[in-house]
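Participant: Below is the structure, and that's it, no one-letter string:
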């Protein structure tokens, strides 16, 4: 399986890792999940209290079936992003999963970096996060509490642009449980770049602290 992405998309994918788990008790959630949705590339992370995801339109695919998913290690991906910043001739990177299931980044200058999770450390299937996102119209919520550090993470999510604007504006939608309007659902936040990409987040209200997504 292989997908080719620009250095801006790669940096955007890495920025999502601000919302990945940091607890080695659940090492699966410390990874970034990449999957194919039609012609688009989906990247997603979660630490159970926040979900961050980016949809990058019209990716360049090769031998990657619809729904196919791989996990990549954020720390290894940062190495690739930093290398691309230093080499101005690198404008795209291939993310490849070989027959041995190992995933690596292959750059046009011939450099390769292993992106696979540490062998034996990560097992299981990444949770189906997109099923958590709302599909109906927001019905509001009388009040809710949100941890400010969760909001701050959104400021660190980068769009797949070479020179992203500093003043990026997220839209927030508030919903309550249909059978209990006093019980808020996770806050849905999003912003998009027209037909090029869409960044989304789910933030668990603080009043539900301890309850996992």
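Facilitator: Arrived safely. Not measured: the values here are computed from a predicted model.
Participant: For the rest of this, base every contact and every neighbour count on C-alpha atoms.
Facilitator: OK.
Participant: In contact with residue 168, which residues?
Facilitator: Shown in contact with residue 168 (Cα atoms under 8 Å, 6 or more residues apart in numbering): residue 155.
Participant: ok, now residue 95?
Facilitator: Counting by Cα under 8 Å, 6+ apart, residue 95 makes contact with 2, 3, 4, 5, 103, 104, 105, 106.
Participant: try it again with 10 Å
Facilitator: Counting by Cα atoms under 10 Å, 6 or more residues apart in numbering, residue 95 touches 1-5, 10, 34, 61, 70, 72, 103-107, 112-115.
Participant: now residue 116
Facilitator: Residues counted as contacts of residue 116 (Cα under 10 Å, 6+ apart) are 31, 70-74, 76-77, 97, 101-105, 122.
Participant: which of these are buried?
Facilitator: Neighbour counting with 16 or more other Cα atoms under 10 Å marks 31, 70-74, 76-77, 97, 102-105, 122 as buried within the contacts of residue 116.
Participant: Could you find the closest non-adjacent residue to residue 27?
Facilitator: Once flanking residues are discounted, residue 27 sits nearest to residue 122: 5.7 Å by Cα to Cα, 6 or more residues apart in numbering.
Participant: For that neighbour, give its distance to residue 40.
Facilitator: Distance, residue 122 to residue 40, by Cα to Cα, to the nearest Å: 26 Å.
Participant: just residue 87 next, same as before
Facilitator: From residue 87 to residue 40 the distance is 27 Å (Cα to Cα).
Participant: ok, the two, which is more surrounded?
Facilitator: In terms of neighbours (other Cα atoms under 10 Å), residue 40 is the more surrounded of residue 87 and residue 40; the figures are 17 against 10.
Participant: mind listing the strands for this structure?
Facilitator: 2-6, 32-37, 40-46, 50-56, 60-62, 69-72, 92-97, 103-107, 112-114, 171-173, 176-177, 180-184, 187-192, 197-203 (DSSP state E).
Participant: mean pLDDT lowest for which of the ones you listed?
Facilitator: Ranked by mean pLDDT, the strands of the chain end with strand 180-184 at the bottom, a mean of 77.
Participant: mind listing what that one pairs with, with the direction of each?
Facilitator: strand 176-177 (antiparallel) (DSSP bridges).
Participant: one step back: could the strands of the chain be laid out in TSV, adding distance to residue 149?
Facilitator: Below are those laid out as TSV (distance: least, Cα to Cα, whole Å):
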stretch	distance to residue 149
strand 2-6	29
strand 32-37	20
strand 40-46	15
strand 50-56	11
strand 60-62	35
strand 69-72	25
strand 92-97	31
strand 103-107	31
strand 112-114	31
strand 171-173	16
strand 176-177	22
strand 180-184	19
strand 187-192	14
strand 197-203	11
